[in-house]
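following is a predicted model, sequence given first.
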Amino acid sequence: MKGYQEKIAPFKALDETVKVEEQVEKIIASLQFRSAKQMRNFFIFVVQQVLTGQSHRIKQYTIAVEALNLATDFDPDINPYVRVIGGRVRARLLAYYQGDGANDSITISLPKGSYQPLIKTKNINTSMIKKQMDMPVKNKDLSYYVLMS
């Protein structure tokens, strides 16, 4: 996954992002994703945007052009391709966590109606969380935190 490593290199600002990177590698190597290039590209792109503090860039057009290599004249109002791929990624993540990933300490999901991944982890050191948005962390249980860009 050398190409993936090169894309992810900017993530390494925090120890916790390295763990998320490892989780992404595990997921994209899984049975659910290994033969689905567009879904892997979509998934890597949206996670990368969150971990680099660029979650505002997670939009259908940007995903289409930058992650899925579609033409710059892509129109998300006419073409449902990104929505279709997003739905498939969502379903495959669910299948992964119901199977091989059931005991993983980090979960990454795509909530319905959004392309911004929700990254959750158990037993996180809360001092390592760097809040980059004006959104407060809602869950105060120290064993289960949400990382947000």
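Looks like it came in fine. Computed from a prediction, not measured in an experiment: that's the story for all the values here.

tell me how many other residues surround residue 57.
16 (other CB atoms under 10 Å). Placement of C-beta: from N, CA and C, glycine included.

ugh, wrong one, I meant residue 87
Residue 87 - counted by other CB under 10 Å - has 13 other residues nearby.

and the longest helix anywhere in the chain, what does it pack against?
As assigned by DSSP state H, the longest helix anywhere in the chain is helix 81-98. Other helices and strands packing on helix 81-98, by 3 or more CB pairs under 8 Å, 6 or more residues apart in numbering; DSSP states H and E, are helix 37-51, strand 106-109.

let me know which of those is tucked in deepest.
Stretch with highest mean neighbour count among these: helix 37-51 (a mean of 22; mean count of other CB atoms under 10 Å).

which stretches of the protein have low pLDDT?
Residues of the chain meeting the criterion pLDDT under 70: 1-15, 123-149.

just give me the residue closest to the centre of it.
Central residue of the chain (CA atoms, centre = their mean): residue 47, 2.9 Å from the mean position.

show me where the chain has helices.
Under DSSP H, the chain gives helices at 2-8, 15-28, 37-51, 60-62, 81-98.

need those helices in CSV (columns: distance to residue 104).
CSV is the format used below for the helices of the chain (distance: least, CB to CB, whole Å):
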stretch, distance to residue 104
helix 2-8, 18
helix 15-28, 7
helix 37-51, 14
helix 60-62, 28
helix 81-98, 7
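
relative to residue 70, which of those is closest?
Residue 70 lies closest, by CB to CB, to one member of the helices of the chain: helix 81-98, at 7.0 Å.

and of the helices and strands packed on helix 81-98, who's closest to residue 29?
helix 37-51 (9.4 Å).

which elements pack onto the closest one?
Using 3+ CB pairs under 8 Å, 6+ apart: helix 37-51 touches helix 2-8, helix 15-28, helix 81-98.

for those, which one sits closest to residue 122?
Nearest to residue 122 among those is helix 15-28; the distance by CB to CB comes to 11.1 Å.

contacts for stretch 101-119?
19-20, 23-24, 26-27, 30, 43, 46-47, 50, 55, 58-60, 63, 82, 86, 89-90, 93-94, 97, 120-123, 146-148 (CB atoms under 8 Å, 6 or more residues apart in numbering).
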